[in-house]
Structure formats: structure tokens, C-alpha cells
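1. fold the following, please.
(2 chains)
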Amino acid sequence: AQSVTQLGSHVSVSEGALVLLRCNYSSSVPPYLFWYVQYPNQGLQLLLKYTSAATLVKGINGFEAEFKKSETSFHLTKPSAHMSDAAEYFCAVKGGTASKLTFGTGTRLQVTL
Amino acid sequence: KAGVTQTPRYLIKTRGQQVTLSCSPISGHRSVSWYQQTPGQGLQFLFEYFSETQRNKGNFPGRFSGRQFSNSRSEMNVSTLELGDSALYLCASSLGDASSGNTIYFGEGSWLTVV
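-> This is a model prediction of the structure:
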């Protein structure tokens, strides 16, 4: 079975500041890990995914995430926040032959001037 | 290349009615999954279809059902609607079997309100 914990349901940063959204996972098999973003009244857009090819994964819009097996973490970062980054972010895990994504509860990112 | 298309985008139904939601996957994608999103329960997996066969099912009552057609398009049906079924229903597709590391792409969702 897989599970995801996202620490912090709300994160607020100033424009230009570092964005760090935390995700810890639990999986009994090597996982596939994903970050999705959801803007208001929209579906989910894939930011990036980890499939064991490289531990540091670069995604769209300047986001990246690092897979750390020893810490069972897959935190999402962006060096400099932009107002357009304000949205809800979901970490998800899929393990082994499982065909479903298990999502975290989401983190709402607020970007202030 | 068109993304995952869901129809209708918004609908309002009365308790006890039934509803059918439709999903057209990205061209060439053979796996379609459905998820329910609510403020209280978050994102929950409903079911996944691959080549017209249901491969996996989430923990939802039998009122929730789905199917996939030979062209990979999918529908989900909810019968005897309850107020708690009000949610955003998201369809997702992937190129191959969703049990692999294939990227799963989501549609814009269908907003269902039950009154």
C-alpha cells in the first residue's frame, strides 16, 4: 500500500522567495512519484514525475523535486516564486503494479507582493 | 494534440437521479482512470479501465460504475444520487497500462452538484 503526507496545508511566500513544498511518501515497492498543480476551477496539471531515472527531477515553470529514498521524501522547490504560482499543489505516489495514484491532501501556495 | 476532454463541465442534479459523465482520452491513450475530488475527502480513485476492461476499482459503493468503449472513450455513471456525491469528477488518461510509470494526464473535470 502507498500513502502520501504533505506537510502544511497552506504555505505563504513573498514574490521572489524560495518555494518549498514538502512531501513524504510510504510505499512497499519502489515508487513512481508525481507533483500536480491545480489552479482554481481547473483540473490537475503535471509539474514533474520521478520514475527512478534521476533523483533530481526538473519540471515545468521552473519547479524541481529531489527524490530522497533515505528520507522517503520528494519535496518540490522553486528558487523564485511568481504571483502566477499561486495554486494548490498535490503530491502523488504510484507503486509497483498499482494502477492508481494515491494523493496527498494538497498544499495551497499563496504568493504575496 | 488535444488533451483529456470531459463533458459536461458543470451539471446540477436532484437527489435520487442518476448522472452519466463522459471522457475522451488523449489520442492513442488506452488507459482511462476516474477520480473524485471533494473538500472533505480530497482526491480519491474511483476506477481504471484499460482496453475496455476494468483493472482496478476504488472503495466506492456500487452506485458508481463505469465503462470504456473500443475507441478508449469512457463514461462513468452514478445512480441514486446523494448530496455527498457533489464533487469534481476528474478523468485521466495514460498511454499504456497505468500500472507502469507512464504519465497520467488529467482533464478539466466535471463539476457535479446534487441538490
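
2. look up how far chain B lies from residue A:34.
-> 7 Å (C-beta to the nearest C-beta, to the nearest Å). For glycine as for every other residue, the C-beta is placed from the backbone atoms N, C-alpha and C.

3. so which residue is smack in the middle of chain B?
-> By C-alpha atoms, centre = their mean, chain B has its centre lying nearest to residue B:34, at 3.0 Å.

4. how about the contacts made by it?
-> Residues near residue B:34 by C-beta atoms under 8 Å, 6 or more residues apart in numbering or on different chains: B:23, B:45, B:46, B:47, B:48, B:66, B:74, B:76, B:89, B:90, B:91, B:92.

5. hang on, it is in a strand, isn't it?
-> Yes. Assigned with DSSP: H, G, I helix; E, B strand; the rest coil, residue B:34 falls within a strand.

6. check whether stretch B:70-84 contacts chain A.
-> No. Stretch B:70-84 lies out of reach of chain A by C-beta under 8 Å from any C-beta of the partner chain, never closer than 14.0 Å.

7. which residues touch that stretch?
-> Applying C-beta under 8 Å, 6+ apart, the set of residues contacting stretch B:70-84 is B:13-25, B:29-30, B:32, B:34, B:46-47, B:49, B:52, B:63-69, B:85, B:89, B:91, B:93, B:112, B:114-115.

8. can you list which of those residues are found in helices?
-> Judged by DSSP state H, helices contain none of these.

9. of these, grab the buried ones for ChimeraX.
-> In ChimeraX syntax, the buried subset of these is picked out as below (16 or more other C-beta atoms under 10 Å in any protein chain shown):
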select /B:13,19,21,23,24,25,29,30,32,34,46,47,49,64,65,66,68,85,89,91,93,112,114
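
10. between the contacts of residue B:34, which is nearest residue B:59?
-> residue B:45 (8.5 Å; C-beta to C-beta).

11. neighbours around residue 111, how many?
-> All of this is about chain A. Residue A:111 has 19 neighbouring residues, counting by other C-beta atoms under 10 Å in any protein chain shown.

12. I was after chain B.
-> 17.

13. ok, the nearest residue to it once chain neighbours are set aside to residue A:41 distance?
-> Leaving aside its sequence neighbours, residue B:111 sits nearest to residue B:10 (C-beta to C-beta, 6 or more residues apart in numbering or on different chains; 4.8 Å). For residue B:10, the distance to residue A:41 (C-beta to C-beta, to the nearest Å) stands at 10 Å.

14. same thing with residue B:71?
-> 29 Å.
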